[in-house]
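1. Take a look and give me a structure for this.
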Amino acid sequence: MELAEWLAFYNLEPFGEHRADIRSGIVACVFANAHRGKNKSAFKVEDFMPKFDPPKQMSIDEINGVLKGFVHGNSG
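-> Next comes the predicted model:
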């Protein structure tokens, strides 16, 4: 029940790191546009958004290796 309520809230008011990046991009964009030179193109929010490489696809063997590392690393 509580999870469904959080999901409904997220659909109305998204939160998290991606949303924080958008807010920061808006602030940086406004600041940059307020200080840009005459006859310069306006900046867009996207100009200030971080760009990440897509996640690497892992094989089953790689996933098993990572999981074994967690188990062995936390057993000491």
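2. So what's the residue count around residue 65?
-> 11 (other CB atoms under 10 Å). C-betas here are computed from N, CA, C, even on glycine.
3. mind checking pLDDT for it?
-> For residue 65, the model assigns a pLDDT of 89.
4. Now do the helix or strand containing residue 10: which elements does it pack against?
-> Per DSSP states H and E, residue 10 falls inside helix 2-12. In terms of contacts (3 or more CB pairs under 8 Å, 6 or more residues apart in numbering; DSSP states H and E), helix 2-12 is not packed against any helix or strand.
5. Buried residues in the helix or strand following it, which are they?
-> Counting by DSSP H and E, the next helix or strand C-terminal to helix 2-12 is helix 17-34. By 16 or more other CB atoms under 10 Å, the buried positions in helix 17-34 come out as 25, 29.
6. List of residues touching helix 17-34?
-> For helix 17-34, the surrounding residues in contact (CB atoms under 8 Å, 6 or more residues apart in numbering) are 42, 43, 44, 45, 46, 47, 48, 49, 50.
7. go on, stretch 45-56?
-> Contacts of stretch 45-56 (CB under 8 Å, 6+ apart): 21, 22, 24, 25, 26, 28, 29, 32.
8. can I get those residues in TSV with pLDDT and distance to residue 67?
-> Below are those laid out as TSV (pLDDT from 0 to 100; distance: CB to CB, whole Å):
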residue	pLDDT	distance to residue 67
21	92	30
22	92	33
24	95	34
25	96	35
26	97	39
28	97	39
29	97	41
32	97	44
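9. wait, which of the residues you listed is closest to residue 1?
-> residue 22 (29.8 Å; CB to CB).
10. who touches the helix or strand harbouring residue 72?
-> Applying DSSP H and E as the criterion places residue 72 in helix 60-73. Contacting residues not belonging to helix 60-73 are listed as residue 58 [CB under 8 Å, 6+ apart].
11. Relative to the whole chain's centre, how far out is that helix?
-> For helix 60-73, the separation from the chain centroid amounts to 25 Å (computed by CA atoms, centre = their mean, to the nearest Å).
12. same deal with stretch 21-32?
-> Using CA atoms, centre = their mean, the mean C-alpha position of stretch 21-32 is found 15 Å from that of the whole chain.
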